[in-house]
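Take a look and give me a structure for this.
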Amino acid sequence: MYPIAQILQRFLQRYLKPVVPPPESIRNDADGQEPQNRKPPPCCALETPLHPFQNLPPTYDPSTWWLDGQVSAYPHFRDTETIRFHMKAIKRALLQNILDGCKLLLERTDNRVLLLSMTQHEQLWKAAVSVHKYGVLYLAARWECREEFQPAIESNQQLFTEINIFLSYNDNAIRAINYGVHRLVNSSTFTVDYQTRLIPPTAISAIGVSYIAVRAQDFKGDSVHMLDNPPAIWDLHDFAHLSAASVCPDLYGSKYFAHLTELPSELTALIRSLKIHTTDPTPRYSDGVLFSELLTVLFTSEMRGGAEGGEEYIADYLMGRRELQHLTTGKMPRVKNPIRAVELATLVQNKA
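Numbering: from 1, shown residues only. Model prediction:
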């Protein structure tokens, strides 16, 4: 998972002055949960003007206990057994629906040989789908490739090659994944809330164990129509968020609907992230633009040995000092006006 928290932390540390660590009585429990009796340190008056990335007046004393080492950087991170349990449960349901989509595609061409192999070699099919690139992501985790998929592939490389040829042809893998996600959300597997204001297009917001929120218009109709839609539609990374929310809903589940919906429309637009895949997204530093379009390019460049310092590039972009490459269009957008403190605070709260 891309270190989103680290990026936001570095942003804030550039313009929030250090504060005295809170007293011992308000430290978090060992499991990363915040005690009920925690009282935030005194903060500035609401009318204090805030300017991102500039020095603040000495009287400003923000509540930054959550940035100052009082919370474990990765609560529950070492609970491998619980993490894997929830991840497997989610992937098991998702892959079953994806394989159902593959079966429908095979039936269209009356490919009886591969249809028979789905029953006899289901694990091989799961491996083939999981290692197939979908947008910029893969379903497969490294440990799955090592422990489960590699032995299955090595035991029947010829059949794996035939399956891979089928999945690669005419974007069949992407079509099947589109179908599988759509069908899974419309099944009874998850509890689903239908939100309208703060869910970005085609997004799946994780709330808790088997509990998600989506836009109703994104999942209407028969799932079979997804088989005729070759572009990658969904962000499979949303299922990583669902895994985290399942491990600890209070800590990682989305809880923003109640209060963020009351924000002015120009602030909720930062969360809704409309038109993020176009040449003129609105606004140009919405959550979707930053994390799905701009940071994906920066992260890929760093992974390939390119220039480091993605957080500095994003900070300069937010202040209107540089352009960044937009993943979908390849264009180099620039913000027209520097981001306001209240806008940055909204983006941070949305990721909290």
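
So which residues of the stretch 51-200 of the chain form helices?
Along the stretch 51-200 of the chain, the segments classed as helices by DSSP state H, counting those that start in this stretch run 80-109, 112-120, 122-130, 142-144, 150-155, 157-168, 172-186.

make that the stretch 201-350 of the chain, sorry
In order along the chain, the stretch 201-350 of the chain carries the following helices (DSSP H, counting those that start in this stretch): 238-247, 249-252, 257-260, 265-272, 287-288, 295-303, 310-318, 341-351.

next one: the shortest one to chain centre, how far?
Using CA atoms, centre = their mean, to the nearest Å, we find the averaged C-alpha position of helix 287-288 to lie 10 Å away from the chain's own average C-alpha position.

Tell me the helices and strands packed up against it.
Packing contacts for helix 287-288, counted by 3 or more CB pairs under 8 Å, 6 or more residues apart in numbering; DSSP states H and E, involve helix 341-351. Backbone N, C-alpha and C define where each C-beta goes, glycine included.

Now mean pLDDT, distance to residue 283 and mean neighbour count too, for the helices of the stretch 51-200 of the chain, in JSON lines please.
Formatted as JSON lines, these follow (pLDDT from 0 to 100; distance: least, CB to CB, whole Å; neighbours: other CB atoms under 10 Å):
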{"stretch": "helix 80-109", "mean pLDDT": "95", "distance to residue 283": "32", "mean neighbour count": "17"}
{"stretch": "helix 112-120", "mean pLDDT": "96", "distance to residue 283": "45", "mean neighbour count": "13"}
{"stretch": "helix 122-130", "mean pLDDT": "97", "distance to residue 283": "35", "mean neighbour count": "22"}
{"stretch": "helix 142-144", "mean pLDDT": "89", "distance to residue 283": "36", "mean neighbour count": "13"}
{"stretch": "helix 150-155", "mean pLDDT": "94", "distance to residue 283": "44", "mean neighbour count": "14"}
{"stretch": "helix 157-168", "mean pLDDT": "97", "distance to residue 283": "38", "mean neighbour count": "16"}
{"stretch": "helix 172-186", "mean pLDDT": "98", "distance to residue 283": "27", "mean neighbour count": "24"}
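
Looking at the ones you listed, spot the one closest to residue 311.
Using CB to CB as the criterion, the shortest distance between residue 311 and the helices of the stretch 51-200 of the chain is 25.0 Å, found for helix 142-144.

Just give me how far that closest one sits from the chain centre.
In terms of CA atoms, centre = their mean, the centre of helix 142-144 is set 19 Å apart from its chain centre.

returning to what we had before: in JSON lines, list the helices of the stretch 201-350 of the chain along with mean neighbour count and mean pLDDT.
Rendered in JSON lines, the data for these read as follows (neighbours: other CB atoms under 10 Å; pLDDT from 0 to 100):
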{"stretch": "helix 238-247", "mean neighbour count": "21", "mean pLDDT": "92"}
{"stretch": "helix 249-252", "mean neighbour count": "16", "mean pLDDT": "84"}
{"stretch": "helix 257-260", "mean neighbour count": "12", "mean pLDDT": "67"}
{"stretch": "helix 265-272", "mean neighbour count": "18", "mean pLDDT": "88"}
{"stretch": "helix 287-288", "mean neighbour count": "20", "mean pLDDT": "88"}
{"stretch": "helix 295-303", "mean neighbour count": "16", "mean pLDDT": "79"}
{"stretch": "helix 310-318", "mean neighbour count": "20", "mean pLDDT": "87"}
{"stretch": "helix 341-351", "mean neighbour count": "17", "mean pLDDT": "85"}
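
Now tabulate those helices in a markdown table and tack on distance to residue 116.
Formatted as a markdown table, the entries for the helices of the stretch 201-350 of the chain read as follows, by distance: least, CB to CB, whole Å:
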| stretch | distance to residue 116 |
| --- | --- |
| helix 238-247 | 29 |
| helix 249-252 | 41 |
| helix 257-260 | 47 |
| helix 265-272 | 46 |
| helix 287-288 | 42 |
| helix 295-303 | 39 |
| helix 310-318 | 48 |
| helix 341-351 | 47 |
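
I'd like to know which of these is closest to residue 173.
For those, the distance to residue 173 is smallest for helix 238-247, at 16.4 Å, taking CB to CB.

Residues contacting that closest one, please?
Outside helix 238-247, the residues that touch it by CB atoms under 8 Å, 6 or more residues apart in numbering are 1, 76, 79, 82-83, 86-87, 89-91, 94, 203-212, 252-254.

Dump that helix to PDB, keeping only the CA atoms.
Output for helix 238-247, consisting of C-alpha atoms alone and laid out as PDB, is shown next (Å, rounded to 0.1, in the frame of the first residue of the first chain):
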ATOM      1  CA  ASP A 238     -10.400  -0.400  -2.300                       C
ATOM      2  CA  PHE A 239     -10.400  -4.100  -1.300                       C
ATOM      3  CA  ALA A 240      -7.200  -3.400   0.600                       C
ATOM      4  CA  HIS A 241      -9.000  -0.700   2.500                       C
ATOM      5  CA  LEU A 242     -11.800  -3.200   3.200                       C
ATOM      6  CA  SER A 243      -9.200  -5.700   4.600                       C
ATOM      7  CA  ALA A 244      -7.900  -3.000   7.000                       C
ATOM      8  CA  ALA A 245     -11.400  -1.900   8.000                       C
ATOM      9  CA  SER A 246     -12.300  -5.500   8.700                       C
ATOM     10  CA  VAL A 247      -9.200  -5.900  11.000                       C
END
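
How far away from the center of its chain is that helix?
Relative to its parent chain, helix 238-247 has a centroid offset of 9 Å by CA atoms, centre = their mean.

Please tabulate the helices of the stretch 51-200 of the chain in CSV, including the columns distance to residue 320.
Supplementary listing: the helices of the stretch 51-200 of the chain in CSV, determined by distance: least, CB to CB, whole Å:
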stretch, distance to residue 320
helix 80-109, 40
helix 112-120, 53
helix 122-130, 41
helix 142-144, 38
helix 150-155, 48
helix 157-168, 42
helix 172-186, 36
